[in-house]
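Colleague: Predicted model, plus sequence, below.
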Amino acid sequence: MLGDVAKAAMSIALASPLAAFSRLGVREELAAGNRTPVDIVDPERQRLAAWTTALRSERLASTRVPLGRAAARVGELALGTPYEANTLEAYLRAGASASSQEPLTLSLTRFDCVTLVESSLGLARLARRGDTPSWQGFAREIERMRYRGGTRGDYTTRLHYFSEWIADGERRGLVRDLGVELGGVKDERPLRFMTEHRKSYVALADYRTFEAIGAMERGLDGHARRVVPTAAIAQVSDRIQTGDVLAFATSIPGLDVTHTAMAYRDPKGVLRVLHAPLSGGTVEVSKSTLHEYVAAIRRSTGILVARAS
């Protein structure tokens, strides 16, 4: 969320469940008269069906398999998919109001760092169900991760700071924060990046939205993030599993993390990073180890780690 947070935050679209889909090439037309949805074969639905089938045929959709492992498999299937920044802000750049209900934009054919994590987890959860996977079911899985309390309202209900994404998800049983058990140290700095960089966020031109985001930021005061320091990553790497959610902490004032990803063990058991990076332009597995990757990030202080439930 937040490597791209400095460029703009996040957003995803489903103004009506159909209108926003067409913006990203996921079309659903209504037959005249009875308004029955007409199935349109497109790359988005093809991926939803194919990737769900892959998880089930490889027996990764079983509740006996860690959810993160299934999510990482989705990430593997997404390798080479283009990176696209700021897709969640498209409705604002088109002139929509930040104070109206936020549309829910979805895509499996383009990702930024956060939407890759969310989409991988969402599709893994969807695959665990016994029914035929639907785009609407996928949308609901994304919605309940992306918005505070799982309820989508206006722009301010989105979990803009990824540390709150983890904390809110833990309260609702979606993830478990591993910071304490991995020896993470407290980061108690106040989060003010959005309001202190108001011009970087189209939505914050609206005064009420700006005030609401400021109140949200102040509400996070006193909720320390647990950061595993860069120097300690190698010592705890054997306790990090494929598919664990990673957030790369930063010393940038007012900001918690600059990038998100999933942990990934290669066939030799080496811990790497599966992510959608701005540099490189496609979903990839890092050539460097997790520790090397974090150490190379300018102003990095370590990682936040969460495990999907």
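Modeller: That came through, no problem. Just so it is clear, the structure is predicted and the values come from calculations on it, not from any experiment.

Colleague: Give me the contacts around stretch 178-193.
Modeller: Outside stretch 178-193, the residues that touch it by CB atoms under 8 Å, 6 or more residues apart in numbering are 2, 5-6, 161, 163, 217-218, 220-222, 224-229, 232, 236, 239-240, 244, 249, 252-256, 301-302, 304-307. For the C-beta atoms, the positions are set from N, CA and C on the backbone; glycine is no exception.

Colleague: Derive a ChimeraX selection command for the buried subset of these.
Modeller: If you want just the buried ones from the contacts of stretch 178-193 in ChimeraX, going by 16 or more other CB atoms under 10 Å, the selection is:
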select :2,5,161,163,217,220,225,226,227,228,229,232,236,240,244,249,252,254,255,256,301,302,304,305,306,307
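
Colleague: now, which of the contacts of stretch 178-193 lie within helices?
Modeller: Of the contacts of stretch 178-193, the ones assigned to helices by DSSP state H are 163, 217, 218, 236.

Colleague: Take those and write them to TSV, including pLDDT and distance to residue 85.
Modeller: Shown next, in TSV, are these (pLDDT from 0 to 100; distance: CB to CB, whole Å):
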residue	pLDDT	distance to residue 85
163	98	21
217	98	23
218	98	28
236	97	31
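
Colleague: Would you mind giving those as TSV with distance to residue 279 added?
Modeller: Below are the ones in helices among the contacts of stretch 178-193 laid out as TSV (distance: CB to CB, whole Å):
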residue	distance to residue 279
163	23
217	28
218	34
236	26
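
Colleague: Run a quick neighbour tally on the closest residue to residue 222 other than its chain neighbours.
Modeller: Using CB to CB, 6 or more residues apart in numbering and skipping the chain neighbours, the partner closest in space to residue 222 is residue 188 (7.6 Å). Other residues lying near residue 188 total 9 when counted by other CB atoms under 10 Å.

Colleague: and residue 188, how far is that from residue 163?
Modeller: Look at residue 188 and residue 163: by CB to CB, to the nearest Å, they are 11 Å apart.

Colleague: With residue 201 instead?
Modeller: Separation of residue 201 from residue 163 (CB to CB) stands at 18 Å.

Colleague: again with residue 45
Modeller: From residue 45 over to residue 163 the distance is 33 Å, taken as CB to CB.

Colleague: now do residue 213
Modeller: According to CB to CB, residue 213 stands 15 Å off from residue 163.

Colleague: Mind checking the pLDDT average for stretch 277-289?
Modeller: Mean pLDDT, computed over stretch 277-289, is 93.

Colleague: Show me which positions of it end up buried.
Modeller: Buried-residue list, stretch 277-289, by 16+ other CB under 10 Å: 277, 283, 284, 285, 286, 289.
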